[in-house]
Every structure is written in C-alpha cells, then in structure tokens.
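Colleague: Next one to model:
(one chain, ligands or ions: 2)
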Amino acid sequence: MSTAVHFGAGNIGRGFIGLVLHEAGYDVVFVDVNAELIRELQSVDSYEVREVGAHPRTHVVDRFRAVDSREDEAEAIAAVAAADIVTCAVGPNVLKFIAPVIREGLRARPDDAAPLVVMACENAIGATDTLAGFVLEGAGELASRAVFANTAVDRIIPAVDVQGVDVVVEDFFEWSIDRRPFHGHEPVIPAAHFVDDLGPYIERKLFTVNTGHATAAYHGYRAGEPSIAAALANPAVRAEVEAALGETSALLVEKYGFDAAEHAAYVARALERFENPDLPDTPVRIGRQPLRKLSRHERFIGPAAEAAERGLATDALTRAVGAALAFDAPEDPEAVELQGLLSSLDAAELTTKVTGLTPEHPLTERVEEVVRAAQAARPASDED
Ligand SMILES: NC(=O)c1ccc[n+]([C@@H]2O[C@H](COP(=O)([O-])OP(=O)(O)OC[C@H]3O[C@@H](n4cnc5c(N)ncnc54)[C@H](O)[C@@H]3O)[C@@H](O)[C@H]2O)c1
Ligand SMILES: O=P(O)(O)OC[C@@H](O)[C@@H](O)[C@H](O)[C@H](O)CO
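Modeller: Ligands and ions are numbered 1, 2, ... in the order given. Predicted coordinates:
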C-alpha cells in the first residue's frame, strides 16, 4: 500500500489534499502540532468531507492515522522515512518548522528507496522550492533522495464549526502540479492535474481567486460586513473587487496570453464561489495574516508591481492595499503587528518594510500615498 504523509491536518489537509490522496489509494498519515486535533483524529475510524453548493456530495475518509509531531517527533520522522509522498498545508510561514522533520525522515530512508515526492500545498508562489531550501539547508547530500514539485491548490474551506473533525468544503477544487521535476514518473493522483508550466496556473489562481477574496475581505471588513457574501452584496465593496480583478486580469491576459473571454469566465466563477450561500466565510479568515498578504510576491503587491512596470492600471489594487492597512482584527497577531507598524513608522519606512518595494519602483509612490491616508485615518490613541 502506498503512503502519503501530510503536514497540517487543518481545513485543506483534511478537506482537500488528504481526501484527494485517500481517493488516489494512499494511506494518509496526518502530522500536526495541534494536540487536540490529533487526539480527535485518533479517536475516530473515519471522517466526512461534505461538499456544499450546486452539487452536494459527502466523502468518507477511512484509511488514515494521525501523529502529533510535537509529542512524538520520532514517529513523524519514521512516517516520512517510509512514505511515498509528503505534502503540507500549514501556511507559508510555517514551512521552516516542518522542514527538520522531513530532513530527518529523508536521512532515515533506506539507501535504495525510491525518491520521496515532496509537494507543498500553500497559497504562495514556489512554496515547494521554499520548503526544499529549508529541508536541504546543511544537508545538500539528501537532495537525491527527494523530488520537489511546486503546486497550486484551490478549494475554499472556511473554518465552519462542524462536529468533530468532519469538514465542509465547496464543491470545487483544482490541484495543479508541476510535472517537470518528475521526468515522466509523476505519482498517480487522478484528481490532480500535472502541467508543464505551473506559472500561469499559480498566478491565475493567486492573483484572481486570492486577490479578489482578499479585496472583498479587507474592504468588507472596513465597511463592517460580517460575511464575505454580505461584503459582495455591498455595491461599493463589489465595485472594488471587480475593479481589482479587472487590473489583475489585464496583467494576466497580457503576460500569459490568456483568452480574455475565458479569463473573464474564470473571474466570474470565482465571484460565484465567494458568494456560495452554503459556505459561510468571513472577512477575518480571508484577511488573516495581512503582513503575509501585503508582502512583495503576494496577491496585491505581486500583480500591482508587475502591472505598474508594464504601464497598466493599479489604482484599485492600491486602494485594496489601503483597505488591508485598516485590518485591525485583534485576534490576528499580524493585524496587531501591522497596526503597531502604522503608528511607529513613517509611510516610506512602512512601505519598504511591509511590501518590499524599493523606493524607486514605479508603484512605490502610490503605495506610500495609501499608507499615509491609512495612518491619517487611524483613531488617535494614547500610545500613538
Ligand atoms: N482554507 C482554504 O480555503 C485554503 C484554500 C487553498 C489554500 N489554502 C492554504 O492552505 C494552507 C493551510 O490553510 P488551512 O485553511 O488549511 O489552515 P488551517 O489553519 O485550517 O490548517 C493549518 C494546520 O497546520 C497545522 N500546523 C501549524 N504548524 C504546524 C507544524 N509545525 N507542523 C504540523 N502542522 C502544523 C495547524 O495546527 C493547522 O491544523 C495555507 O497555506 C492556506 O493559505 C487554504
Ligand atoms: O489561505 P490564505 O490566508 O492564503 O487566504 C485566505 C483565502 O483567500 C484562501 O484560503 C482561499 O479560501 C483559498 O485560497 C481558495 O483556494
């Protein structure tokens, strides 16, 4: 039996990647550091993945086990050493923390074992390359023991409060995997699709689905909307989302030669997905970790910088940056840190630190303007 080790038994782990690998015939080993989640997974023989939307369907995942890598790192390492595939969905900022377990798992593999397939499933460009860098740091000799392949993952899974470890997901998913590192020996995962060039897929997804989602979330949050559906029902918010996606569409169509009508249909589908009435989602989940989302190669500055370099419009994307700067959800550590930076740095310092834009970049002046506006709009407080 083939085995897949998946790091991150959260929404994507259980509701998307773990399910797809299970249905591809793999025994799945979930590795997580959330002790309560692992205990819950260890206490059941199966869990349900409930697809909601126009085509509702329920899947049962029943060939898995769960390991708490904080409690029992040796077991997690042994699972990697014996696995055929390792995947992860932990968040891009967490890759460095799972790398040592994967590294020691690689080291423990039999010398004659087939190379381990390693694929990060994160909302970030080149996430597997980033993971590979951490895994092989000081262990370059292990490179021949693994095949690292970048992927793009797309399925909206909010943190719906369901009983136990069942997961509610949208009735759509897309998992695109770069086939080039496999040199013709791709793993058999029928529901995934292997592509010769992942670039267009990951940028289309990140700069359409995630840019649109985050634009709706940040403008919606600032407008006081409680859900993403309500945000998109707010005409002013919807206009901002459509304008921002108009700008990323112009970039993607020019950069990759996408058919404009086909891309417009992809955008329209994304908006429909956001509004799924059976999938309550919130601005706070979608806007989580604003410093990550405002960083240089992410869903706002990534496309806006490239659009500015091409002389394309960026006003809506920079307005979305302004809305993101007002995201002060107290339960989000990055939102709290961002508000601290807004009060302690000047516009130029904050722009450089948060967005990674150089002072001479054609987008920088416009971003500094929205930073100054955000700083001026912040309520005065004692410590300011
Ligand atoms: N939820 C979605 O709609 C969605 C869709 C596509 C992509 N993504 C991406 O998938 C990734 C995970 O998102 P999610 O929504 O599943 O988040 P999540 O919070 O539901 O799951 C993340 C899991 O990682 C675990 N984790 C944290 N540190 C760990 C460590 N050191 N070792 C092992 N596990 C660890 C957490 O305990 C949690 O269970 C993110 O990159 C996200 O951007 C999410
Ligand atoms: O997961 P994040 O924090 O990168 O972004 C929040 C949402 O936009 C994201 O989870 C989407 O639901 C997902 O990327 C859809 O495929």
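Colleague: What is the neighbour count of the residue of the stretch 201-350 of the chain found nearest ligand 2?
Modeller: With CB to the nearest ligand atom, the shortest gap between the stretch 201-350 of the chain and ligand 2 falls at His213, namely 3.7 Å. The way it works is simple: take the backbone N, C-alpha and C, and place the C-beta from them, glycine included. Using other CB atoms under 10 Å, the number of residues around His213 comes to 25.
Colleague: again, but for the one 3 residues further on
Modeller: Neighbours of Ala216 under the rule other CB under 10 Å: 32.
Colleague: Then Val28?
Modeller: 26.
Colleague: Could you confirm it falls within a helix?
Modeller: No: under DSSP: H, G, I helix; E, B strand; the rest coil, Val28 falls outside any helix and is assigned strand.
Colleague: which residue sits closest to it, ignoring its sequence neighbours?
Modeller: Taking CB to CB, 6 or more residues apart in numbering as the measure, Val28 lies nearest to Phe64, with 4.2 Å between them; neighbours along the chain are not counted.
Colleague: in the chain, which residue is closest to the centre?
Modeller: Taking CA atoms, centre = their mean, the centroid of the chain lies closest to Asn123, which sits 2.3 Å from it.
Colleague: Am I right that Gly13 is in contact with Ala89?
Modeller: Yes: when contacts are counted by CB atoms under 8 Å, Gly13 is listed as touching Ala89 (5.0 Å).
Colleague: what sits in contact with each of the two?
Modeller: Common neighbours of Gly13 and Ala89, counting by CB atoms under 8 Å, 6 or more residues apart in numbering, are 6-7.
Colleague: List the neighbours of whatever helix or strand His263 lives in that are in contact with it.
Modeller: Element membership for His263 (DSSP states H and E) is helix 260-274. Defining contact as CB under 8 Å, 6+ apart, one finds that helix 260-274 is touched by 156, 170, 172, 204, 208-209, 212-213, 216, 228-229, 232, 241-242, 245, 249, 252-253, 281.
Colleague: Buried ones among those?
Modeller: Buried residues within those, defined by neighbour count using 16 or more other CB atoms under 10 Å: 156, 170, 172, 204, 208-209, 212-213, 216, 228-229, 232, 241-242, 245, 249, 252, 281.
Colleague: just checking: which of the residues you listed also lie near ligand 1?
Modeller: Restricting the buried ones among the contacts of helix 260-274 to those near ligand 1 by CB under 6 Å from any ligand atom leaves Ile156.
Colleague: From the buried ones among the contacts of helix 260-274, which land in strands?
Modeller: Among these, DSSP state E puts Glu170 in strands.
Colleague: Of the buried ones among the contacts of helix 260-274, which belong to helices?
Modeller: With helices taken from DSSP state H, the overlap with the buried ones among the contacts of helix 260-274 comprises 204, 212-213, 216, 228-229, 232, 241-242, 245, 249, 252.
Colleague: can you tell me how far the residue nearest to the centre of the chain sits from Ser295?
Modeller: For Asn123, the distance to Ser295 equals 12 Å [CB to CB, to the nearest Å].
Colleague: measure the closest residue to ligand 1 within the chain to ligand 2 for me?
Modeller: Using CB to the nearest ligand atom, Gly10 is the residue of the chain that sits closest to ligand 1, at 1.9 Å. With distances defined as CB to the nearest ligand atom, to the nearest Å, the gap from Gly10 to ligand 2 amounts to 10 Å.
Colleague: repeat for Ile77
Modeller: Distance of Ile77 to ligand 2, computed by CB to the nearest ligand atom: 27 Å.
Colleague: Tell me, how many residues neighbour that residue?
Modeller: Using other CB under 10 Å, the number of residues around Ile77 comes to 22.
Colleague: is any part of stretch 321-331 close to ligand 1?
Modeller: No: Stretch 321-331 lies apart from ligand 1 when judged by CB under 6 Å from any ligand atom; the minimum separation is 13.2 Å.
Colleague: For that stretch, buried residues please.
Modeller: Buried residues in stretch 321-331, counted by 16+ other CB under 10 Å: 321-329.
Colleague: any residues touching that stretch, and which ones?
Modeller: Here stretch 321-331 makes contact (CB under 8 Å, 6+ apart) with 214-215, 217-219, 221-222, 240, 284, 287-288, 290, 293-294, 300-301, 304, 335-336, 338-339, 342, 355, 367, 370-371, 373-374, 377.
Colleague: low-scoring stretches of the stretch 101-250 of the chain, by residue?
Modeller: Along the stretch 101-250 of the chain, the parts satisfying pLDDT under 70 run over 160-163.
Colleague: Close to ligand 2: what parts of it are there?
Modeller: Taking CB under 6 Å from any ligand atom as the contact definition, the stretch 101-250 of the chain meets ligand 2 at 123, 154-156, 209-210, 213.
Colleague: ok, now with 5 Å
Modeller: Of all the residues in the stretch 101-250 of the chain, those in contact range of ligand 2 (CB under 5 Å from any ligand atom) are 123, 154, 156, 210, 213.
Colleague: what about the first one, which SS state?
Modeller: In other words, Asn123. For Asn123, the assignment made with three-state DSSP gives coil.
Colleague: Also the one 5 residues further on?
Modeller: Secondary structure, three-state DSSP: Thr128 is helix.
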